Every structure is written in C-alpha cells, then in structure tokens.
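Engineer: give me a 3D structure for the following:
(one chain, ligands or ions: 1)
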Amino acid sequence: MIVDCHTHINQDELGKFKELLVEEKLQGIVSNTTVEEYLQNKNFLNDEIENNKVKLSFGVHPWDADIFNPDDFIEIYEEVEVIGEIGLDNKWCKVPKDIQERVFVRQLEIAESLKKPVTIHTTGAEKRVLEIIKNFKMKKLIHWYEDDKYLDEYIKEDCFFSINPSYELNAVEQVVAERVPLERILLETDGTESLKWIGDGYLQFQYGFEDITLDESLYLLKESLEYIAETKDIDIKVCEDKLYENYRNLLGGNF
Ligand SMILES: [Zn+2]
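Structural biologist: Numbering: from 1, shown residues only. This is a model prediction of the structure:
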C-alpha cells in the first residue's frame, strides 16, 4: 500500500481522491489549514475516515500564524489524528517570528496534551524548530526537510521524515533519504500544487506530463518508493511494507 503522508487536496480533486482510496490504490494524511477545508474534507471523506483509509490533520500553518489563534480550534485538534502542519518559516512568509513561534509552541502543547503526532514545517528555520521540538515528546513528522546542516540532530530526536518527489533536483532530499534510517522514512507529495511548483514545472518536464493530477501524483509516489528501495538497497515490496509499518507507527498503530 502506497501512503502519501502529507498532502493537500483541492476541492475539485476530492472525487478522484476518494476513488483512489476506495480502490485501495492509496492511503494517507490530508492536511487542513482552515476550518472550512477541514469540514468539507471530513464530510466528503467520512466513510474513508471510518475505514482508516485516510487520516485528517489540522493545524495553523506558520503563514497564517498572524490571523488564527490555536485556542479557537481545540475541538478540531481533539478530532483529528495528526496536528499539522505547524512550524516556522523564515523563507516563504513575512509573519513576524515571535508570532509564528507563539502559535507553533501553543500547538505543540496542545498536541502533547492530546498525545497526538505532529507534522512540522521547518523552511529556513531548521535550527530554531529543532531547539523548540526538543522540549516535546510526541511523534514528529518533518515534512519537506531542506537543510542537511541540522539533519543528524533531527535524526537523534527520533523524527520521521517524509520524502517528496523533488529528490532528483534537490541534493538535500537525497541526503535525507540516505542518512535517515529506513524505519523513520515516509513519502509525501504535499499536493498537486506543490508538485507543479517544484523547480517551476521540473516534474512535468522530467516525466513528460501535460499536467499533474492525482494520477501523476500517485505515479510520483511509486517512483519515490522505488528511489527509497534503491537508496536503501532493498526489494521494493519489502520497502513498501516497511514504509506502511512506519506510517502505522507514526499514528500509534491504532488501526
Ligand atoms: Zn503542506
């Protein structure tokens, strides 16, 4: 079973996404950044959530840290299986650092009190995120990690890492795949919008895609799986099973 451990689904993709879940071609964690998005996904994917084919996560993204207050969303944090994506971003947003940090830490406190795993965004703030998460004990998924300087310290913190399909373009992604132990590796796409954004259309060009829809996204997940199997020098089926076990482990094996 292929698992996309961090994705965002557009409204017009929901039908197709549900189809892939029902046909057992995919499982995963769908990230929600607003209440509206969360309620829509929860209603539409209700059966698949019940059947453990998909998990929802919710979190105030660092980009929105100056407009949302985590304490307004306690009921949602109680409902979801994963809290995220949360974190810090010093590269792609201008939200003041102190506000980002306050919102990030508050959500870590909530996750810890609810004993839930977190998905963490670290862009351009890898050092500070590392300092902060050392104070928290929950399971942590580091998504789209981009700085090999602190990688070993994150590994020491027993973090999980989700590898995205930019590895051929992005040398750090290769270092992550090589250095992180197999039992801490997961896969992600971050949604079709992110896949299109990688290297300004690099994946479309590289694979000859006219567009990137959920079909191409699934194809790229399979390519990533093959890449991890090669990197770790193991059989692809063994790798697939191992990554599924990692996913269950991240979620506390509770399905
Ligand atoms: Zn994301």
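Engineer: spell out the secondary structure type for the closest residue to L214 other than its chain neighbours.
Structural biologist: Leaving aside its chain neighbours, L214 sits nearest to K16 (4.9 Å; criterion: C-beta to C-beta, 6 or more residues apart in numbering). Where C-beta positions appear, they are placed from N, C-alpha and C, glycine not excepted. Secondary structure state of K16, per DSSP: H, G, I helix; E, B strand; the rest coil, is helix.
Engineer: neighbours of K16, how many?
Structural biologist: 15 (other C-beta atoms under 10 Å).
Engineer: what do you get for K196?
Structural biologist: Going by other C-beta under 10 Å, the residues that sit close to K196 add up to 16.
Engineer: ok, the one 5 residues further on next?
Structural biologist: Here the neighbour count serves as a burial measure; for G201 (other C-beta under 10 Å) it reads 13.
Engineer: could you report the separation of it from F44?
Structural biologist: 29 Å (C-beta to C-beta, to the nearest Å).
Engineer: cool, and A125?
Structural biologist: Taken as C-beta to C-beta, the span from A125 to F44 is 33 Å.
Engineer: so which of these two has more stuff around it?
Structural biologist: Higher neighbour count among A125 and F44: A125, with 22 against 16, using other C-beta under 10 Å.
Engineer: list the residues that contact the residue lying closest to that one once chain neighbours are set aside.
Structural biologist: Nearest non-adjacent residue to A125, counting by C-beta to C-beta, 6+ apart: L88, 3.6 Å away. The contact partners of L88, by C-beta atoms under 8 Å, 6 or more residues apart in numbering, come to 62, 97, 100-101, 104, 121-125, 128-129, 132.
Engineer: can you flag which of the residues you listed belong to strands?
Structural biologist: Using DSSP state E, the subset of the contacts of L88 located in strands is H121.
Engineer: contact partners of the strand or helix carrying L21?
Structural biologist: Here L21, judged by DSSP states H and E, is contained in helix 14-22. Helix 14-22 has contacts (C-beta under 8 Å, 6+ apart) with 9, 26-27, 40-41, 44-45, 48, 53-54, 213-215, 218.
Engineer: let's have the residues you listed in TSV, adding pLDDT.
Structural biologist: Formatted as TSV, the contacts of helix 14-22 follow (pLDDT from 0 to 100):
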residue	pLDDT
I9	97
L26	97
Q27	98
Q40	97
N41	98
F44	97
L45	98
E48	98
K53	97
V54	98
T213	97
L214	98
D215	97
L218	98
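Engineer: element containing L186, please.
Structural biologist: strand 185-187.
Engineer: which strands and helices lie in contact with that strand?
Structural biologist: Judged by 3 or more C-beta pairs under 8 Å, 6 or more residues apart in numbering; DSSP states H and E, strand 185-187 is in contact with strand 3-7, strand 160-163, helix 214-231, helix 236-250.
Engineer: ok, the shortest one: who's next to it in the sheet?
Structural biologist: Using DSSP bridges, the strands paired with strand 160-163 are strand 140-143 (parallel), strand 185-187 (parallel).
Engineer: okay, the helix or strand following that strand in PDB with CA atoms only?
Structural biologist: Sequence-wise, the next helix or strand downstream of strand 160-163 (DSSP H and E) is helix 171-179. Extracted as PDB, the C-alpha positions of helix 171-179 are listed here (Å, rounded to 0.1, in the frame of the first residue of the first chain):
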ATOM      1  CA  ALA A 171      20.500  17.200  -3.400                       C
ATOM      2  CA  VAL A 172      19.400  17.700   0.300                       C
ATOM      3  CA  GLU A 173      16.400  15.400  -0.400                       C
ATOM      4  CA  GLN A 174      19.000  12.700  -1.400                       C
ATOM      5  CA  VAL A 175      21.000  13.200   1.700                       C
ATOM      6  CA  VAL A 176      17.800  12.800   3.800                       C
ATOM      7  CA  ALA A 177      16.900   9.600   2.000                       C
ATOM      8  CA  GLU A 178      20.500   8.300   2.600                       C
ATOM      9  CA  ARG A 179      21.000   9.300   6.200                       C
END
